Structures are given as structure tokens and as C-alpha cells.
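K.L.:
Sharing a sequence plus its predicted fold:
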Amino acid sequence: MLGGRPPTVNDLPKSTYTAQVIKESLRLYPPVWRLARQAKEATDILGYAIEKNAYVFLTIHVIHRDPNRYHHADALDPERFAPGCPKPGRFAYLPFSRRKRQCIGDRFAEMEMILVIATLAQTYEVSLSPGQTSVTQPSVTLRPRDGMSMKIHRRSLDHPDEPAIETIEGARREPLAQTCPMHRHIGQAEE
Ligand code: HEM
């Protein structure tokens with residue numbers, strides 16, 4: 001579609017499939033996988049008593065994988081977001097939250113992701129390095145537990161079998177407790 005030139009904002013309306021892939025990726029792997037709220041006063045939700053000051057967590061990751069909301073919920077299927085397909089319910093798709101505290105950067109983030117992917121994907125093809133796991137780790141944001149070691153191939157019509165030009169070693173993280181006092185606190189709370 002781009003013929004090798006960098007994408008511009010004018011290409012966005014035509015980037016429907018890239019947008020679908022991004023939407024589906026945010027469904028399966030929402031970076032903000034859980035929202036937290038603190039009760040200002042005692043209340044109840046669907047019969048569950050909530051004490052004043054108690055924290056209530058809304059787990060977006062679970063909602064996005066709910067088979068009652070999504071057919072083959074664990075499968076990557078960008079066609080779910082194809083034009084003309086029924087949209088998920090209003091509160092079934094929440095990568096940017098909703099209503100009062102909805103992300104103010106949602107449109108910007110979507111635009112940026114389309115432009116970055118369109119820029120890179122027309123020149124490079126990436127694949128996981130052999131043996132690389134893709135285990136998710138729910139920290140403050142959802143992240144790959146073992147980093148992401150990838151192979152990068154230059155796309156070439158003349159040399160489609162050209163070997164990988166570079167292997168990017170995903171950062172192997174130190175255990176979170178050794179890197180950030182905030183993580184230590186959260187890690188203890190979650191264990
Ligand atoms: C893929 C990228 C992003 C994701 C998944 C994301 C997700 C979210 C989510 C889920 C919330 C709601 C948090 C809550 O309700 O507790 C939020 C809030 C927010 N986001 Fe984002 N965000 C992204 C990018 C951005 C960018 C690029 C900006 C700024 C340019 C931004 C600025 C904000 C701000 C200021 C809030 C707080 C809004 C408020 O509380 O009124 N975000 N984001």
C-alpha cells in the first residue's frame with residue numbers, strides 16, 4: 001500500500017487491517033490489565049459488601065478473555081474488529097478504560113501504534129527467537145515475563161530467504177524486587 005514510503009496521517013483511514021490487529025492485540029494483552037478503585041464509602045456491588053476505603057479491582061484481562069463475550073476468546077482473530085462486524089459490548093472492551101477516567105491518550109496511542117507498525121512492517125519481518133517463551137507477567141502493566149528475544153528479517157522481494165539481519169536479545173530482567181521499591185511493595189501484596 002505504501003510502496004516503501006513512510007506512512008503519514010493521511011494513510012490512517014486506509015490502515016484498517018493494521019488497526020484491527022492492534023485492537024485485537026490490546027484485547028488479548030491489555031497493557032493496563034487491571035483497574036483499581038477505592039470505595040469512598042461502604043456500599044455493595046451485586047450483593048457483595050464493600051467496606052469504606054476498600055480497594056476494588058476490575059480485571060480487564062479476564063473480561064477480554066470471557067467466552068461469554070468473545071467467541072474463541074483466547075484466539076488471535078483480528079477479524080473480530082473488521083468493519084461491519086458487531087462491536088463488543090460497551091464494557092466488554094476496555095484497554096483504555098471507560099467514562100470518567102478513560103485514557104486521554106487513547107486516540108493518540110492508536111494512531112502512533114498504526115504508524116510505527118506500518119513503518120516497520122513494510123521493511124522488516126519479526127519472529128520470536130527459537131526457545132523464546134511468551135509468558136505474560138501481570139505487574140503494574142502486563143509484560144513478557146522473560147523479555148522478548150526476536151529475530152529481524154529484512155523484507156526483500158529479490159532475496160526472500162535472506163537470513164536474519166539481526167537478533168535482538170530481549171532484556172532479561174532482574175527479579176522485580178531487585179529493581180524498584182514500588183515493585184517490591186506490589187510483589188509482596190500479590191504473592
Ligand atoms: C497503548 C497505550 C495506552 C494504554 C493501553 C492506556 C491505558 C489507559 C487506561 C486503562 C487508563 C485508565 C486508568 C484507570 O482508569 O485507572 C488510562 C488513563 C490515562 N492515560 Fe492512558 N493509555 C495509553 C496511552 C496513553 C498516552 C499516549 C497518553 C498521553 C498522551 C495517556 C494518558 C493517560 C492519562 C492522562 C490518563 C488518566 C486519565 C484520568 O484519570 O482522568 N495514555 N490509560
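P.N.:
Great, that's in hand. Residues are numbered from 1 along each chain as shown.

K.L.:
and the chain, which residues reach the ligand?
P.N.:
31, 32, 35, 95, 96, 97, 101, 103, 104, 105, 108, 109 (CB under 6 Å from any ligand atom). Any C-beta I mention is one placed from the backbone N, CA and C, and that applies to glycine too.

K.L.:
I'd like the residues you listed laid out as CSV, including secondary structure, pLDDT and neighbour count.
P.N.:
Output for the residues of the chain next to the ligand, formatted as CSV (DSSP: H, G, I helix; E, B strand; the rest coil; pLDDT from 0 to 100; neighbours: other CB atoms under 10 Å):
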residue, secondary structure, pLDDT, neighbour count
31, coil, 96, 14
32, coil, 96, 16
35, strand, 95, 14
95, coil, 97, 20
96, coil, 97, 19
97, coil, 96, 15
101, helix, 92, 10
103, coil, 97, 13
104, coil, 97, 8
105, coil, 97, 10
108, helix, 96, 10
109, helix, 97, 15
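
K.L.:
any idea which of the residues you listed is the one closest to residue 66?
P.N.:
Distances from residue 66 to these, taken as CB to CB, are shortest for residue 95 (14.6 Å).

K.L.:
show me what contacts the closest one?
P.N.:
26, 27, 30, 31, 32, 60, 64 (CB atoms under 8 Å, 6 or more residues apart in numbering).

K.L.:
Helices along the protein, start to end?
P.N.:
16-28, 60-64, 106-121, 181-190 (DSSP state H).

K.L.:
So for the closest residue to residue 123 other than its chain neighbours, what's the pLDDT?
P.N.:
Of all residues not flanking residue 123 in the chain, residue 155 sits nearest, at 6.0 Å (CB to CB, 6 or more residues apart in numbering). Looking at residue 155, its pLDDT is 76.
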